[in-house]
Each structure stands twice: as C-alpha cells, then as structure tokens.
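[1] next input, structure requested:
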Amino acid sequence: MRILIADDHTIVRDGIIRLLKDSFPNAEIVGVSDTVELIKQVNAQKWNVIVSDITMPPGDSGLEAVKQIKEISPLTPVIIMSMHTAEQYAVRAFKAGARGYLSKDAATLELVKAVNQVLSGKKYLSESVSAVLADSFAHSNEVHSIENLSNRELEVFKLLASGKTVSDIAKELFVTVNTISTFRSRILEKMNFQNNLELIKYAVDNKLI
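    Sure thing, here's the model as predicted:
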C-alpha cells in the first residue's frame, strides 16, 4: 500500500507518518510540503490514499489540489486533515471531492479509522462532520453565508477578518494588490456587507477567527 501525506509543517507531517507506520507497517508512506509537490507526486505515481492539509503556501489551497487530484486519479481517496474546524471547511472539502475530513486535534484518534474507511470505498464522517453537513443543508439559502464564497474568496475573507490589509494579503498569497481588491469587492457583494467592519463582525459572531 502507498500513502501520500501533504502538510507544510515538518513536525506534523513526520508525526502523521509515524502514526500511520504503526498501523500499516508494510506501507510505503511519502511526505510532501506543498500542493505543487503533491500534484507532481499524483501525476508521477499511483497512491492508495492521500492525506492532505488545506493551507500549504505557496500554491493553490489543499481544496483546489483535491479537485486536481480527482481529475488526474478519480479513484484515489483523499482525506483532508486541517487545523480548521469542520464548520469552516468540511462542506467545501466534500464538494471538492474529498472522502474524509478530520481536524488535526482528532487525528491521533481518528486518522487510522478514516484511512481504513476510505480504503474500503466509503466516506469517513465523524459525528461533528455529520452534524455540520446536515446543518449546511438546513441553512444553504441564507444570504449571509460563507458557502456563497469560492475557496479562494473564503481564504481572503478570513485574512481580512483577522485585520490584515489588502497589501499584506497580496504578499502572503503571492498575488497583486489589485487581485486582492477584486476578491474583497466580490466578498462584500456576495455577503451583502458594506465594509470590513461588517465582515469582521460576521467572522467573530460565527467563530471564524
């Protein structure tokens, strides 16, 4: 069995590899640090399961990488494991094509179970993720919903909500100031906000920052 791990933090990546080695001692497990290398590995070789973080700068987000993986190797199951709570990204992960979603806090307890589940052809849904998915359907028509945003827009939304300037965000995401300004305008329009203050209030009220 071959397992590919993608996480930009060396300590986290090595910890995941050790955890999986204990349960799958005969598996070949390879770690990469960004989405560029992740996609290279998927193009180069076949993998039984992939475990990926969401935020791995530079390059596209883990969710965009999942979409690319499904185009390259549609049958390869991908588990998203992130520091972000299920409320923020689980729905997006499954829409992108992931077969499982875990928070890093729960990784030691759930990762091996999740890997076995997706290898059997099933999706892995923890109780918290199941609740989030159910709630997303109940509120899918709300005007003020982050589900209205694209993955990149959500990334910019959270950076704006944290108080970063357009220039700061442009540098962090390796894009132009004009690009971030355009994202900001789209976010305000989609969320029906008048300014950053309303954006920040929404983020605080919904525990997004």
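
[2] which parts of the chain are strands?
    Under the criterion DSSP state E, the chain contains strands at 2-6, 28-32, 49-52, 78-82, 100-103.

[3] roughly how far does residue 110 sit from residue 126?
    Going from residue 110 to residue 126 by Cβ to Cβ, to the nearest Å gives 6 Å. Yep, even glycine has a C-beta here, placed from its N, CA and C like the rest.

[4] give the intersection of the neighbour lists for the two.
    Residues touching both residue 110 and residue 126 (Cβ atoms under 8 Å, 6 or more residues apart in numbering) are residue 102.

[5] quick revisit: closest one to residue 160 among the strands of the chain?
    Closest approach to residue 160 among the strands of the chain is made by strand 78-82 (19.8 Å; Cβ to Cβ).

[6] got the angle for the closest one vs strand 2-6?
    Interaxial angle, strand 78-82 versus strand 2-6 (axes from the mean of the first three to the mean of the last three Cα atoms, to 10 degrees): 30 degrees.

[7] now do strand 78-82: which elements does it pack against?
    strand 49-52, helix 62-72, helix 86-96, strand 100-103, helix 107-119 (3 or more Cβ pairs under 8 Å, 6 or more residues apart in numbering; DSSP states H and E).

[8] quick one on the thing from earlier: which among the strands of the chain is found nearest to residue 40?
    The nearest among the strands of the chain, by Cβ to Cβ, is strand 28-32 at 8.0 Å.

[9] count of neighbours near residue 176?
    10 (other Cβ atoms under 10 Å).

[10] what sits against the nearest residue to residue 114 once chain neighbours are set aside?
    Nearest in space to residue 114, with sequence neighbours left out and distances taken as Cβ to Cβ, 6 or more residues apart in numbering, is residue 124 at 4.0 Å. Residues near residue 124 by Cβ under 8 Å, 6+ apart: 79, 99, 100, 101, 102, 110, 113, 114, 117, 118.

[11] quick check: residue 53 touching residue 81?
    Yes. Assessed by Cβ atoms under 8 Å, residue 53 is found in contact with residue 81 at 6.3 Å.

[12] flag the helix or strand of this protein with the lowest per-element mean pLDDT.
    Ranked by mean pLDDT, DSSP states H and E, the weakest helix or strand in the chain is helix 127-138, scoring a mean of 63.
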